[in-house]
Structure formats: C-alpha cells, structure tokens
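Asks: Below are the sequence and a predicted model for it; my questions follow.
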Amino acid sequence: MTVMAPVPRLLDNSPSGFWRVWVYPNGDRSDGAVVDVSFVRGAPTSVEALTTTDPYGPAAATLVFPSITLLDQMGSSDLSWLRPEVDVDICWMTPGQEEPVYRWEGYMVAFDFAAGEVGGSLTVSCYGAMRQMDNYLAKPMYVYQPMPYEVAIGREFTGKPDMRLAPLRVEFPAKWGIQFRLADYASKELYYRPVGVEDGANWTGFLTRLTGSFNRSLTEYVQGLLLNMYTPNGRWTLDLDAGRRPVLRVREHLTHANEQTLVVDLLNPGVSMTANRDYTQTLNVVYGQGKSLNGSTFSGMRANADGTVITYEPYAYRRQVHPTQLNDWFDRETMRKEVNLGFYEGLSEDEARTIAKDHLRRFSDPGAIGTITLKSDPIFGHYTDIPTYFPRQLIRAGMSVLVKGIFGNPEGMLFHITECQVSADAVTLSVDSKYRDQLTVQEVKMRTRDALTPIRLLTVGQYKNPVPDMLFPWSYSDGSGFIPKGSQNLFDGMPNSVVFPWTDWTRQRPPGNPQWADQYIHIGPTSSNADHNWAVKSGGLEAFQAYAVRMSQAGEAKSIQIAAYDRYGNVLKVPFHVSLYRTSGVKYSSMPQLGIDDARNHPPYQAGQHYPFFKRAWEQYTETGQALNPDQVGAVQTAQIIIGYGNYYEKAGYWPLSSAAVNAEPTGLLVEESGFSWDLTDATNMVNPQLSREENMKDVTRADIYVMIYCDAQLTQDVYFLGRIFRKEPGSA
C-alpha cells in the first residue's frame, strides 16, 4: 500500500471586492452630506487595518491618506471633512453593487503625520462607533426598583445627546422561554418589582440595582453585566448592526457547524494557525461570594461544632476532587483547581449556585485558543461538490469557524471568533473553542489575572487593633456566640460533620425533652395579641426578661446562623424576626408599636401592640424625610439595638432565598454573612475599662447582649430557636 502525501487544494485568491471610505462631517448622515474619501487628490486611501471584537463589534481601524501632508490645514478647503471625531464608514463593495455588503462604522480619533520629502502622508486612527460610550462614566445612583440587566444596559445608551448611535435593540431568540409575569409580584412591595419590563414580555430574568461606581460605561460597567449573562445555549453579547444600531442578542454556543459557519482546512494554502491548550486555566472546584437583592451576603461559610474552625463549601465541584473524604469517586491523580466567583449584586444564593455549576461545566476543560491567519478565503457553510467561498475581508468577530484537521481530528473543532483584524494582505482571527468574550480570551493569553473569575476586585484593609477584647475575651468554650446563652451544653460533643441547621443533633437533643428544653429559645402557640408572640425567658409580660447571649468586650461577627424547630428537633419552616441589643432592659414594649393605621393593615393585631412587620416598624423617618412618632420608634433606640433581621420588606427565615422571591416559601432558617460589630466597653453597666481583666471576668453578665425573637406562624404548636454567632478572628480578612 502506497501512502500518499496530502495534496493541498488550489484556491482562487483574487479580490472579491474593494473598500470605500465615507465620512459624515458634523454627524449629518443624510444622502447629500456624505463625503467619499476613497480617493483624495487622486490618490487611493489605504485601509491598513480593520478590527472587530465580540462584544461591541467595530473596535479600531487605520486609514492612510498618501496625498495629505504636514503642510495641509485640517478642516479647510478640500479637507473640510478632515476633523477630529468625524464619523467614518469603511465599506466593502462588490462589483456591480451600489450598496455596501458590509459597513465598519466608527469615528476618527488620532492623526499621525509621517515624515517625508514633501510633507509625508497622514495616518488616521479610528475607533468603533460603540466605543464612544467609554467617554462616559457609569455613576452610582439610587434605584428604588431592581432593573433587568437589559434595562440597566439600555440606560447607558440613553440621555446622551452627543451619542451617535441608534437606540439599543434587545433581540430575543425565536423560542425564548422566559417571560415577565406581573402576577408573580402582585403581593410584593413596589421595592421588589422589576422596572422597565411589561407583563408578558420577554426578559432575561437577571436583576440588579447596580448603576456603576464611576467606572467606564462600556468596557467596565456593561462588561461586568455581560460577563454574568449566560444562557443555557450561549451568552448575551452586544453587537453593532448597520446604521450604528447597538443590539443586545444571544450568541449561541454552537456544538456543530451550520450553514453560517466558516470552514478552513489547515492543509489549504494561505491558512496558518497557532493554538494553545492551557491547563492552568481549568477548574474543578468553584467557590463564590455574593449579595442578594435583600442585602444578605453569602460565601458558603460553614463552622465546626465548637466554632473554632471556619470552612467554606464550594458551590460546584467535580466529584473526582471533592469531597476529599468518604468519596468513592475521589481520584488522587486529578489535580484540584479552585476558583472564587464574585457574583454581581442581586443574585440569590440558589441562583449563584446554578451559575457556579454552569461555570464549572464551561471551564472544566481548557478548550483551545488560537490565532488563524488567512491569506485565502474560507468556505462558507456546508458544501458537497461545489464550495461557496466567503470573502475574508467580511469576516468579523462573533462568527464561528470550523478548523479541519486540528489535533489530528479530520472532522475538525469549532471555534468562536473573538477578534478579527483585517489588513491589506491578510486576515488574522483570535479564536476560542469555549466561546468566551474577547476580554477573557486576552487575559487567558496574557495570564495577567485569573481569567475564570467574572468579577475582578482588589480589596485592601486598614489596620485595626488585633486584640479588641482584652478585658473580657471571646471564648467558644465559655459560651461566646451561642444563642441562647448556655446552649453550648447542647452542642457539646457534636461531631464536626454535623453542619447547620444541626438537625442530626437536635433530633437527638430535642426541645421537647426536659433535659434540653432550656437550651432553646421558646415561643408558645400563635396569639392574637402580638405582644405574646415575642420570646420571653421569664417574667411574662409583667416582668419581661429577654434571652441573653454571651459575647466579648468588642469584636466583629463573621456570620450568624439561627434556625426554628418543632418540639422534636425538626426544622419548623416559619418566618421570624430576630434582633440583638446592648441593654438588659430590652423587652416586648421596646419593640415597634402599631399605630391605628398600621393595625388596620395587620389584623388581628390592635393598635398599641408591638409587631416587627409593619411598614415603618424599624424606621425613624418617612420616605419624605419626616420624623416618625417618637413613641413608636424611640423605645427601640433606647434599647440600643446592635443588629436586626426581618422587617416589613424582608422577613427572616427564608434562607437561602429571599421572602421577596417569586413563590418564596419559608425555610425557618437564617444565615447572614454581612456581619456586624459590637463594643460593650462601658464604665457603668458593661465591661469596665477602669478594671482589670480578672475583675471584669468576675461578673459573667458584663459581656452579655440580649436577643428578641418574634414568630407568629407556628399556629397551634410551640416553636423553638437555636443559633450561633461566629466571630471574625482579629487580623483575618
């Protein structure tokens, strides 16, 4: 058998068209205002380079005018069109056609006069039309209602009179299955209702209140939103259609070539390629941090039984690397690679977990990135006997290309074109098999940052006293952070494998067992008098005593975890309110008091009763700035509140979701990682800075704070609460 060497196909490399250059002085795009500068003073204008990227379309271009010299005056006489920031269209024309096949649209930004015997020549640098948005900064603003991402992006294109762009068009796929349902928000306050979308209309489903932080409008603020806008089959991208029309559309992640796919064969003349498979850019364990619309932060933090060890549970992982124990799938030969995702504000923890799994699916394999140089035209779409060739000058970012023969695969591998540079003699394509955006691919190449992290922040802290509680130190073994005080006895001996909400342990030590009853905070069956639905340790309403929590002289909390249980130690799925106070005198009467109008909206409760879930319960001022009745709010302030969770807008007990989420159901759980600080240094009734540590420690109540819990959803049964506060260790980040 004779082995034949591959025979390359002979291709027609003749030009399929030519460039025309049109400018529009004063931004006037009417038919009579256009100036054709394809030839200036008889000399042809040279299109030296033309670049497009995905996202944003036209990026940069370079034009050379050989007949314009340093001796000429810009903007006058026959060069009246030659002005800074003048609009320019670079158009590809085919013989016999009056309308261009393709327009690169932008504006002139820089003029470089080259030296020469008679004044040299002029090189003009141009930016793509959409890049003008980076002349603006995205500024922080107060947004009462959350915005869909597409609305937030659309805001950046409006209210800018000098912007030479058509209004943004949002282009949903033909069978888009996500529609906005106003009925889902019928029972919610206006504060939770998305703005800018009509009932029954298509929408992306992504929500944010972030409007910017004085960062660049396009390549920083909008880019940050786009980096999170994945769909099951691709991702949202910003493109520029003809007529300077920005379009937000879905760029599908192709799994096989279609009729719009370009095809190149590495054996063809005029085709060369470099490729890279970088396994430093893979991942198999995904951690994350975020903040939901209700202000709750999350990071997957977990604490062991005695609170001395803090760990973090990943939001997604490959079973070959996690967990490392009691895992039959664990493979010691597979290297673990962890990344941390910073989720944009507005995602719930469940939504963040879904995004993390999608991120793992996309980047668990490194894929391939590369550069393709074409000096011949590629084939367009599928063909049988007679191929159709696509002019290489018309290739632009966002298209897909099938590379045959790569890595020994005759069927080829699909790539997404993230950047396309057209020059006089060749077309250079930056390609990526994982369909990432141009910015991320560039960072993969440069390895300047972790390209797998959507949000990239550098945070530095300030020096703080590393020992803030010398006079009354924090001690888990002595009961610091246990809710209620003394419940560390219940946790004693609990295995580290038991994590919140600890039901494997609470079922063994249930509140219905007299031995453990005083280890829980107790509220009886729901009462029609709101005052009776507050947890009271002893004394009843007449001599009310709140439950205590041992803390320390001062410090910062890293996390608080609280769960509601039935008498058997099972989690009871009820909403609730919980708040912490400095003073031992806090009682039910210190809590927000219903006025006559408030009581009408919250039957069966009456005016004068104390209830945490009416609209202005925890506020000092109205929406118009008017001070509320001191009788209603003053008592809370007198009790010296430290932190509270659960109000009219957002009830506690829905973790990991929000009570404002569509069809939300209570879980009876609260996990909050925003943290809080406390300082109980007080010469009168708390930690006395005039006394030594030994003297302060003699009075074990000096570092106590007090907890108020309200629950009225338990109906005819008793409800019990148990919780933990975990300290942020001094000196830790």
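Replies: Cool, the structure landed.
Asks: all contacts plus neighbour counts: C-alpha atoms, from now on.
Replies: Will do.
Asks: what helices or strands is the longest helix along the chain leaning on?
Replies: Determined from DSSP state H, the single longest helix within the chain is helix 349-363. The contact analysis (3 or more CA pairs under 8 Å, 6 or more residues apart in numbering; DSSP states H and E) places helix 349-363 against strand 285-291, strand 316-317.
Asks: among these, which is nearest Met551?
Replies: With CA to CA as the criterion, Met551 lies closest to strand 285-291 of those, at 26.3 Å.
Asks: And the next helix or strand past that closest one?
Replies: Sequence order places strand 297-298 as the next helix or strand after strand 285-291, per DSSP states H and E.
Asks: Outside of the helix or strand following that following strand itself, list whatever touches it.
Replies: Beyond strand 297-298 on the C-terminal side, the first helix or strand identified by DSSP H and E is strand 301-303. With CA atoms under 8 Å, 6 or more residues apart in numbering as the test, strand 301-303 has contacts from Val309, Ile310, Thr311, Tyr312, Glu313, Val499, Phe500, Phe726.
Asks: Met551: what's it in contact with?
Replies: Contacts of Met551 by CA under 8 Å, 6+ apart are Trp474, Ser480, Gly481, Ala703, Asp704, Ile705.
Asks: quick one: which of these is nearest Val47?
Replies: Gly481 (69.6 Å).
Asks: Okay, that closest one and Pro100: tell me how far apart.
Replies: 71 Å (CA to CA, to the nearest Å).
Asks: Show me which of these two is the more surrounded one.
Replies: Gly481 (27 against 15; other CA atoms under 10 Å).
Asks: one step back: return the members of the contacts of strand 301-303 classed as buried.
Replies: Neighbour-count burial (16 or more other CA atoms under 10 Å) applied to these gives Glu313, Phe500, Phe726.
Asks: export the residues you listed to JSON lines and tack on secondary structure and pLDDT?
Replies: Converted to JSON lines, those look like this (DSSP: H, G, I helix; E, B strand; the rest coil; pLDDT from 0 to 100):
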{"residue": "Glu313", "secondary structure": "coil", "pLDDT": "91"}
{"residue": "Phe500", "secondary structure": "coil", "pLDDT": "93"}
{"residue": "Phe726", "secondary structure": "strand", "pLDDT": "91"}
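Asks: Now tabulate these in a markdown table and tack on distance to Tyr611.
Replies: Formatted as a markdown table, the buried ones among the contacts of strand 301-303 follow (distance: CA to CA, whole Å):
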| residue | distance to Tyr611 |
| --- | --- |
| Glu313 | 36 |
| Phe500 | 28 |
| Phe726 | 28 |
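Asks: hmm, which helix or strand of the protein has the shakiest average pLDDT?
Replies: helix 438-446 (a mean of 45; mean pLDDT, DSSP states H and E).
Asks: rewinding a little: of all the contacts of strand 301-303, which two lie farthest apart?
Replies: The largest separation in the contacts of strand 301-303, counting by CA to CA, is between Glu313 and Phe726 at 16.2 Å.
Asks: Can you give me the buried ones in stretch 710-718?
Replies: For stretch 710-718, the neighbour count (16+ other CA under 10 Å) marks Tyr710, Cys711, Asp712, Ala713, Gln714, Asp718 as buried.
Asks: Next step: those residues restricted to strands.
Replies: Tyr710 (DSSP state E).
Asks: Just the CA coordinates for the longest helix of the chain, please, in PDB.
Replies: In PDB, the C-alpha atoms belonging to helix 349-363 read as follows (Å, rounded to 0.1, in the frame of the first residue of the first chain):
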ATOM      1  CA  GLU A 349     -27.600  32.000  46.800                       C
ATOM      2  CA  ASP A 350     -29.600  29.400  44.800                       C
ATOM      3  CA  GLU A 351     -29.100  31.400  41.600                       C
ATOM      4  CA  ALA A 352     -25.400  31.800  42.400                       C
ATOM      5  CA  ARG A 353     -25.200  28.000  42.800                       C
ATOM      6  CA  THR A 354     -26.700  27.500  39.400                       C
ATOM      7  CA  ILE A 355     -24.300  29.900  37.800                       C
ATOM      8  CA  ALA A 356     -21.400  28.200  39.500                       C
ATOM      9  CA  LYS A 357     -22.400  24.900  38.100                       C
ATOM     10  CA  ASP A 358     -22.700  26.400  34.600                       C
ATOM     11  CA  HIS A 359     -19.300  28.000  35.100                       C
ATOM     12  CA  LEU A 360     -17.800  24.600  36.100                       C
ATOM     13  CA  ARG A 361     -19.400  22.900  33.100                       C
ATOM     14  CA  ARG A 362     -17.900  25.500  30.700                       C
ATOM     15  CA  PHE A 363     -14.400  25.700  32.000                       C
END
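Asks: For it, list every residue counted as buried.
Replies: Buried residues in helix 349-363, counted by 16+ other CA under 10 Å: Glu349, Ala352, Arg353, Ile355, Ala356, Lys357, His359, Leu360, Arg362, Phe363.
Asks: from those, which has minimum pLDDT?
Replies: Across the buried residues of helix 349-363, the smallest pLDDT goes to Arg362, namely 75.
Asks: in what helix or strand does Leu580 lie?
Replies: Leu580 belongs to strand 577-581 when assigned by DSSP H and E.
Asks: helices and strands around that strand, which ones?
Replies: Against strand 577-581 (3+ CA pairs under 8 Å, 6+ apart) you get strand 641-645, strand 704-710.
Asks: Mean pLDDT and distance to Tyr149 added to those strands, as a markdown table?
Replies: Shown next, in a markdown table, are the helices and strands packed on strand 577-581 (pLDDT from 0 to 100; distance: least, CA to CA, whole Å):
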| stretch | mean pLDDT | distance to Tyr149 |
| --- | --- | --- |
| strand 641-645 | 92 | 28 |
| strand 704-710 | 96 | 36 |
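Asks: residue boundaries of the helices in this structure?
Replies: 149-155, 223-226, 349-363, 438-446, 488-491, 503-506, 596-600, 630-638, 693-698.
Asks: helices and strands around the last one, which ones?
Replies: Applying 3+ CA pairs under 8 Å, 6+ apart, one finds that helix 693-698 contacts no other helix or strand.
Asks: so which of the helices and strands packed on helix 349-363 comes closest to Leu71?
Replies: strand 285-291 (58.6 Å).
Asks: List the neighbouring strands of the closest one plus their orientation.
Replies: Looking at strand 285-291 with DSSP bridges, its partner strands are strand 297-298 (antiparallel), strand 316-317 (antiparallel), strand 338-342 (parallel).
Asks: From the rest of the structure, what touches the second one?
Replies: Identification of contacts with strand 316-317 by CA under 8 Å, 6+ apart yields Asn284, Val285, Val286, Tyr287, Arg353, Ala356, Lys357, Leu360.
Asks: can you give me the strands in the stretch 51-200 of the chain?
Replies: 57-65, 87-93, 102-113, 122-128, 137-138, 147-148, 169-171 (DSSP state E, counting those that start in this stretch).
Asks: In CSV, list those strands along with mean pLDDT and distance to Asn340.
Replies: Formatted as CSV, the strands of the stretch 51-200 of the chain follow (pLDDT from 0 to 100; distance: least, CA to CA, whole Å):
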stretch, mean pLDDT, distance to Asn340
strand 57-65, 96, 30
strand 87-93, 95, 42
strand 102-113, 94, 37
strand 122-128, 96, 33
strand 137-138, 94, 26
strand 147-148, 90, 25
strand 169-171, 96, 31
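Asks: wait, which of the ones you listed is closest to Pro511?
Replies: Between Pro511 and the strands of the stretch 51-200 of the chain, the tightest spacing by CA to CA is seen for strand 147-148, at 44.3 Å.
Asks: still on that earlier bit, between the helices of the chain, which one is nearest to Asn409?
Replies: Of the helices of the chain, nearest to Asn409 by CA to CA is helix 349-363, at 21.3 Å.
Asks: Okay, angle between that closest one and strand 285-291 too, please.
Replies: For helix 349-363 against strand 285-291, the angle by axes from the mean of the first three to the mean of the last three CA atoms, to 10 degrees is 140 degrees.
Asks: just to revisit the earlier point, let me know which of the helices of the chain is the nearest to Leu402.
Replies: Among the helices of the chain, helix 438-446 comes nearest to Leu402, with 18.2 Å by CA to CA.
Asks: re the thing from before, considering the buried residues of helix 349-363, which is situated nearest to Val636?
Replies: Glu349 (30.9 Å).
Asks: No further queries at this time; thank you.
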